[in-house]
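Asks: Here is the input, now give the coordinates:
(chains A and B)
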Protein chains: 2
Amino acid sequence: MQTTPVSDASDVHAFSQEARDAIYHTIFSRRDVRSQFLPTAIDDAVLSRILTAAHFAPSVGFMQPWNFLLIKSEDVKTRVQDAYKSANAEALTMFEGEKRNTYQHLKLEGIRDAPIGICITCDRERTGSVVLGRTHMKTMDLYSSVCAVQNLWLAARAEGLGVGWVSIFHEHELQAALGIPQHIVPIAYLCVGYVSHFYPKPELETKGWLPRLPIEELVYFDQWGNTDLNQPLIAHLQRDQIAAQDVANRAVTPLPKKQSR
Amino acid sequence: MQTTPVSDASDVHAFSQEARDAIYHTIFSRRDVRSQFLPTAIDDAVLSRILTAAHFAPSVGFMQPWNFLLIKSEDVKTRVQDAYKSANAEALTMFEGEKRNTYQHLKLEGIRDAPIGICITCDRERTGSVVLGRTHMKTMDLYSSVCAVQNLWLAARAEGLGVGWVSIFHEHELQAALGIPQHIVPIAYLCVGYVSHFYPKPELETKGWLPRLPIEELVYFDQWGNTDLNQPLIAHLQRDQIAAQDVANRAVTPLPKKQSR
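Replies: Next comes the predicted model:
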């Protein structure tokens, strides 16, 4: 996807074309990694940057409800993986026919392959029971921790690190493996590490689990269900969806390093 | 914050130093905007790019549960704002003493100021009732739509657009204003537009609502509660938190445009 030049006085705060391209490149080439982890250690400098990216996520009422558990212990990883295995055995029985067959051949976690696990949590009572912006939408604090996950994920991709979000756990079993108290919600268990390669598309798309939806069918105008395929925006969306995949396809080949000092 | 050079064979997939700096710059200077919207229209090309960024978010089981409602109608915005006003009057009564006084002087929405509203939703049944990765953590689909919000927010910041997430609504009143069926969850109502300026810090931090937490106190090793301030990572985190704020402070001044063709 090609960003367009910045010309207007109104978008004086826009980044340079090069910087904007870097953002989109990151977003389009980010993958959920399960299989390609390398054992290479992650420097503290790099780990610190991606954690700082997470900490600068938006949070409802500025409550910053997150903690970051860093898991390097093989014993702890094994306990986490055991929790995954028992839940995944249950999950398999929930699918039927062809889907079950496909499901059992998918690798859905890299808990012990990845050099580090990062569990991002949500402390719902961090700043008391009444939280600005959570007075009506009670899930807003959980969503804040998810924003931290996504910040970390994008920063990691730019650093060349793969991230895989494992969600097939009974909450209480994941809490037990990590010593997390009952009132703290584990939002994401992330496997993090360098990778042999990034796939150009999500694995579930490549393996025929589900196709990517055409973006223009997801956009409504002013009211739910109000489509209008004649809007000029629609043609932009169709072109950009194709261009975004092109960016991801090219990202399979490492980018040239412009600065290597 | 200064990213470090990429040297290792292991991080062959890392982006250039310039590109990584652009990612961090975006993450650290992103703000929740309520007050500084300009009426300037947003080009369809720009709108399309930030929506495409949202659509390339991760989603559990690749279900892509989101829709994007674009609100330009003044009538619809007024109905949304009315829903906000009634909820916010209730919210005010939930705070006490000094907090209530501060609360009532905060501007918490820019619904009619922003040229466009974007409501991002979650269709929990989009791909049926059994979803890969949602078999045990039932909130994973909601979290996918939140990842779409965060992608859009970061892309918007790079484009020079401010975004404000309004969450003070009774869900059914927001659904009514936008014609959203009961089974579709509105995740975020976002006010989007060009801005006169970005603040260097979150408004709630600047106005003394809550301070930013020291990141090193949020990090645990292997088990919940297991702090270790002697780990070399801690010094990195302390430096990076300061450096991240420096990046945000500098972002108040527009970046020089490197390419203006």
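
Asks: can you tell if the longest strand seen in chain A touches chain B?
Replies: Longest strand of chain A, by residue count under DSSP state E: strand A:184-194. Yes: on the criterion CB under 8 Å from any CB of the partner chain, strand A:184-194 is in touch with chain B at A:184, A:187-188, A:194. No exception for glycine: its C-beta is placed from N, CA and C like everyone else's.

Asks: Can I get these in JSON lines including pLDDT?
Replies: Formatted as JSON lines, the residues of strand A:184-194 next to chain B follow (pLDDT from 0 to 100):
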{"residue": "A:I184", "pLDDT": "98"}
{"residue": "A:I187", "pLDDT": "98"}
{"residue": "A:A188", "pLDDT": "98"}
{"residue": "A:Y194", "pLDDT": "96"}
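
Asks: pLDDT weak spots in the stretch 1-150 of chain A?
Replies: The stretch 1-150 of chain A contains residues with pLDDT under 70 at A:1-10.

Asks: all strands for it, in order.
Replies: A:68-71, A:116-123 (DSSP state E, counting those that start in this stretch).

Asks: same for the shortest one, what does it pack against?
Replies: Strand A:68-71 sits against helix A:44-55, strand A:116-123, strand B:219-221, with contacts defined as 3 or more CB pairs under 8 Å, 6 or more residues apart in numbering or on different chains; DSSP states H and E.

Asks: right, and the helix or strand after the longest strand of chain A?
Replies: On the C-terminal side of strand A:184-194, the closest following helix or strand by DSSP states H and E is helix A:203-206.

Asks: What pairs with the longest strand of chain A, parallel or antiparallel?
Replies: The strands beside strand A:184-194 in its sheet (DSSP bridges) come out as strand A:116-123 (antiparallel), strand A:161-166 (antiparallel).

Asks: I'd like the average pLDDT over the shortest one.
Replies: Just to be clear, that refers to strand A:161-166. Strand A:161-166 comes out with an average pLDDT of 98.

Asks: Run through who's touching the very next helix or strand once past that strand.
Replies: Where DSSP H and E defines the elements, the next helix or strand beyond strand A:161-166 is helix A:171-178. For helix A:171-178, the surrounding residues in contact (CB atoms under 8 Å, 6 or more residues apart in numbering or on different chains) are A:69, A:71, A:76, A:79-80, A:82-83, A:86-87, A:119, A:180-182, A:184-186, A:189, B:136-137, B:223-224.

Asks: So in terms of bridging, what pairs with A:V192?
Replies: Under the criterion used (DSSP bridges), A:V192 bridges to A:I116, A:V163.

Asks: My guess is it contacts A:A156. True?
Replies: Yes: counting by CB atoms under 8 Å, A:V192 does reach A:A156; the two are 6.3 Å apart.

Asks: Could you pull out the residues contacting both of those two?
Replies: What both A:V192 and A:A156 touch, as defined by CB under 8 Å, 6+ apart, is the set A:50, A:162-163.

Asks: ok, and the most crowded of those?
Replies: Among the shared contacts of A:V192 and A:A156, the one with the most neighbours (other CB atoms under 10 Å in any protein chain shown) is A:G162, at 28 neighbours.

Asks: and that residue, how far is that from A:I187?
Replies: 19 Å (CB to CB, to the nearest Å).
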